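Okay, sequence plus prediction incoming.
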Amino acid sequence: MTLADGATFILIALVMFGLMGIGIPIFVSIGLAAFAGLSLIFGPLHAMVDFTSFLWQSLNNFELVTIPLFVLTAMLVEEAKVGEELFAFAKAWVGSIPNGLGVAVVITCAIFAGITGSSPVTAVTVGLIALPALAREGYPDRLRGALVAGGGTLGILLPPSLPLIIYGVLTQTSIGSLFMATVIPGILLTLMFSIYVIFVYRPAVHGPVSSMKERFEALWKALPVVVLPIFIIVSIYFGLVTPTETGAVAAAYVLALGLIRKRLDWKAILRAGRSAALTSAMLLMIFGTGSVFARYSAMLQLPQHIAEAVGGLPGGPLLVFTGIVITDLILGTFLESGALTILTIPIFFPIAQAIGIDPIQFGVMIAVNQEIAQIHPPTGSNLVTVSSISGIPLTSMMISILPFILTNLLIIYLLFFIPPLTLFLPMHMNMH
């Protein structure tokens, strides 16, 4: 790659981000940038042929079917309003401990994330239920918003994580192994969030004590929902089904549950299907155009040149990885997690390989890093989402969200220094 090629790539990338900044749809911005880059290499006519053929080739991948299946599951869960039972279950069991209702929010987000794989859906669904309840218990606005925004980020990490599905397809890494690799970090992150809420946040708020009868009644009502993320994890771990098959089973299960409980009718199902179709189409178009843009960067051999350059930097792998973390955080403050994965992984992945990070380990660390981007002030998407549904000003949440950001950063470097946290379960799972 010549100096002129590098300068041209930077200019095209800046124009792409500029188009996004003025409101042009992400997939259109990426597609125009990719076409411009290919036109400079091949000429407009040849570039058009290459663009369309590679776009089709990138989308002609069976594993991408996992995305619309889990998106449909998330939309059906939202329409069926199963979050109410989940929150009531968590509140009954942990609500009486110091700041127990806050812990209940974190647990509800974790379970919900294990069904939907989406951070915004988790934040919105849990937030609409939990934010008023937290206000009634006396939690200040700054903590209410931070709890829901921070807990909602678990939707990116815990299986079925949509960004990790995209990562797996881009890097040819087993999606099932990636899902298993998130289990221990996800549980650890949920525990650390909960410990912060219980022991660090003051003044402590004490909720009412539920009787054992009330607890088991809440468990019974929530059980059909609680078992779904357990089923997803266990079935993939033992090789009973593939992630794609799991998505189909999950969607059918939620549909049946909603119909049996009379929470879903044809109008609700059609709304869920329409929302899932629009969301999936957006994600897949971003994936397709992002893959073409990655092809342009690969033709310039940009990833290889960057990998060679950073491989010999003083400070070793830790410094290089920190550079990746910082870059991902900056871009993630204004890019949706799927688009962020598609644009950055073709460049970051060869660098990670050059410094000796396992592909599965790297995928999980990137997912945690994207959690931070979702809540990074001032434009983190979860902060904006929670503010819009609650009326809580963004400025009031910026200080309270910092412990959640620091906890995620701690997890990232724990995963860097202790690879078995991500690799233990994938190494011992049965493959289907």
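Structure received.

Need the residues that contact stretch 92-103.
Residues outside stretch 92-103 that contact it (C-beta atoms under 8 Å, 6 or more residues apart in numbering) are 90-91, 104, 107, 130, 133-134, 137, 139, 143, 147, 194, 197-199, 201, 204-210, 214-215, 217-219. Where C-beta positions appear, they are placed from N, C-alpha and C, glycine not excepted.

starting at the chain centroid, how far to it?
26 Å (C-alpha atoms, centre = their mean, to the nearest Å).

In it, which residues are buried?
Ala92, Trp93, Val94, Gly95, Ile97, Pro98, Asn99, Gly100, Leu101, Gly102, Val103 (16 or more other C-beta atoms under 10 Å).

Between its first and last residues, what's the separation in it?
Start to finish, the residues bounding stretch 92-103 are 11 Å apart (C-alpha to C-alpha, to the nearest Å).

can you give me the mean pLDDT across that stretch?
Averaged over stretch 92-103, pLDDT sits at 84.

And for stretch 368-385?
80.

what's the answer for stretch 64-73, then?
85.

Is Val138 in a helix, a strand, or coil?
Heads up, residue 138 is Gly, not Val. coil (DSSP: H, G, I helix; E, B strand; the rest coil).

I'd say it and Val205 touch.
Yes: under the criterion of C-beta atoms under 8 Å, Gly138 makes contact with Val205 at 5.4 Å.

the more surrounded of these two?
Val205 (18 against 11; other C-beta atoms under 10 Å).

where does that one sit relative to Val103, distance-wise?
11 Å (C-beta to C-beta, to the nearest Å).

Go through the one helix or strand Ile342 maps to and flag the buried ones.
Remark: Ile342 resides in helix 337-354, with elements defined by DSSP states H and E. Residues of helix 337-354 classed as buried: 337-354 (neighbour count, 16+ other C-beta under 10 Å).

same deal with stretch 416-425?
Result for stretch 416-425 [16+ other C-beta under 10 Å]: buried residues Phe416, Leu421, Thr422, Leu423, Leu425.

so how many other residues sit close to Leu188?
16.

I figured it hits Ile411, correct?
Yes: under the criterion of C-beta under 8 Å, Leu188 makes contact with Ile411 at 6.6 Å.

overlap in contacts of those two?
With C-beta under 8 Å, 6+ apart, Leu188 and Ile411 have no common neighbours.

can you map out the strands along the stretch 51-200 of the chain?
Applying DSSP state E, counting those that start in this stretch to the stretch 51-200 of the chain gives no strands.

got any ranges where it has weak pLDDT?
Applying pLDDT under 70 to the stretch 51-200 of the chain flags no residue at all.

next one: stretch 108-123 to chain centre, how far?
9 Å.

same thing with stretch 243-250?
18 Å.

Show residues contacting it.
62-63, 65-66, 69-70, 73, 115, 160, 165, 175-176, 179, 228, 231-232, 235-236, 241.

do the same with stretch 354-364
157, 164, 167-168, 171, 173-174, 177-178, 181-182, 185, 307-308, 310-311, 316-317, 320-321, 348-349, 352-353, 365, 415-416, 419, 422-423, 426.

do the same with stretch 413-425
Contacts of stretch 413-425 (C-beta under 8 Å, 6+ apart): 180-185, 188, 237, 318, 321, 357-358, 360-361, 364-365, 368.

Selection in ChimeraX covering whichever of those residues are buried, please.
Applied in ChimeraX, the following selects the buried portion of the contacts of stretch 413-425 according to 16+ other C-beta under 10 Å:
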select :180,181,182,183,184,185,188,237,321,357,358,360,361,364,365,368
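
how about Pro208, secondary structure?
Classified using three-state DSSP, Pro208 is coil.

count of neighbours near it?
Other residues close to Pro208 by other C-beta under 10 Å number 12.

In this structure, which helix is the longest?
Criterion DSSP state H: the longest helix present in the chain is helix 266-299.

what's the angle from that one to helix 337-354?
For helix 266-299 against helix 337-354, the angle by axes from the mean of the first three to the mean of the last three C-alpha atoms, to 10 degrees is 40 degrees.

Can you list the buried residues in helix 266-299?
Neighbour count says helix 266-299 has 268-269, 271-272, 275-276, 279-280, 282-297 buried, by 16+ other C-beta under 10 Å.

which helices and strands does that helix pack with?
helix 3-21, helix 26-42, helix 44-59, helix 66-80, helix 162-171, helix 337-354 (3 or more C-beta pairs under 8 Å, 6 or more residues apart in numbering; DSSP states H and E).

Of all those helices, which one is nearest Ile111?
Closest to Ile111 of these, according to C-beta to C-beta: helix 66-80, at 10.8 Å.

Show me what the closest one is packed against.
helix 100-116, helix 119-136, helix 162-171, helix 243-260, helix 266-299.

Report the buried residues of that helix.
Buried, per 16+ other C-beta under 10 Å, within helix 66-80: 66-80.

I'd say Val71 and Leu162 touch.
Yes: judged on C-beta under 8 Å, Val71 makes contact with Leu162 at a distance of 7.3 Å.

Are there residues contacting both of the two? Which ones?
Going by C-beta under 8 Å, 6+ apart, residues that sit against Val71 and also against Leu162 are Ser118, Leu283.

Distance to Ser388 added to the helices and strands packed on helix 266-299, as TSV?
Below are these laid out as TSV (distance: least, C-beta to C-beta, whole Å):
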stretch	distance to Ser388
helix 3-21	20
helix 26-42	19
helix 44-59	32
helix 66-80	16
helix 162-171	21
helix 337-354	18
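
Can you check which of those helices gets nearest to Leu255?
That would be helix 66-80 among the helices and strands packed on helix 266-299, by C-beta to C-beta, at 5.7 Å.

Pull the residues that contact that closest one.
83, 112, 115-118, 121, 124-125, 160, 162, 165-166, 175, 243-244, 247-248, 250-251, 254-255, 257-258, 261, 263-264, 268-269, 271-273, 275-277, 279-280, 283-284.
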